[in-house]
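Participant: Sequence and computational prediction follow.
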Amino acid sequence: VTGTGTTWTAAMVGMQFIFANGQASTITAVTDATHLTLAASQPLTTAQEYRIHALGLQVAPTTGNVAIGKAPSANALDVNGTMSATTVLAGGVTLGWSAVPASATATGTAGQKAYDADYLYVCIATNTWKRTALSTW
């Protein structure tokens, strides 16, 4: 793509370039302030307005599918990159690890789990933890 009076930078690589007619493609390279390369060629014969989107959190308008760092896909949730969290609730199941409870009645929600060098802890009901000893085998 050749622009006039543009100030494109390498920081735009990976962003979405969207033409006024709705055609879109990912920016794969920026040669200089007025030239960039798209992942897919677009058959355009006239100059058009455009917009550039950073692929942050996006929600597909027809499906409600959510994408982070990429365009929405057929998946309900699609993440480009590493996802990290202390606790994630998914369908009633807690994913990830919680802090080790101080006692069997420490604050907790059923499904949370934690570990340290000696024990694996599981919260089986609100504020009710059980633990089992770890051993080598």
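Facilitator: Arrived safely.
Participant: Show me the beta-bridge partners of residue 66.
Facilitator: Applying DSSP bridges to residue 66 yields these beta-bridge partners: residue 59, residue 77.
Participant: wait, it sits on residue 57?
Facilitator: Yes. In this structure residue 66 lies within contact range of residue 57 using CB atoms under 8 Å: 7.1 Å. Backbone N, C-alpha and C define where each C-beta goes, glycine included.
Participant: neighbour-wise, which of those two wins?
Facilitator: residue 66 (15 against 8; other CB atoms under 10 Å).
Participant: That one: what's it in contact with?
Facilitator: By CB atoms under 8 Å, 6 or more residues apart in numbering, the contact list for residue 66 reads 57, 58, 59, 60, 72, 76, 77, 78.
Participant: Which two of those have the greatest separation?
Facilitator: Farthest-apart pair in those is 57 and 76; separation 14.0 Å (CB to CB).
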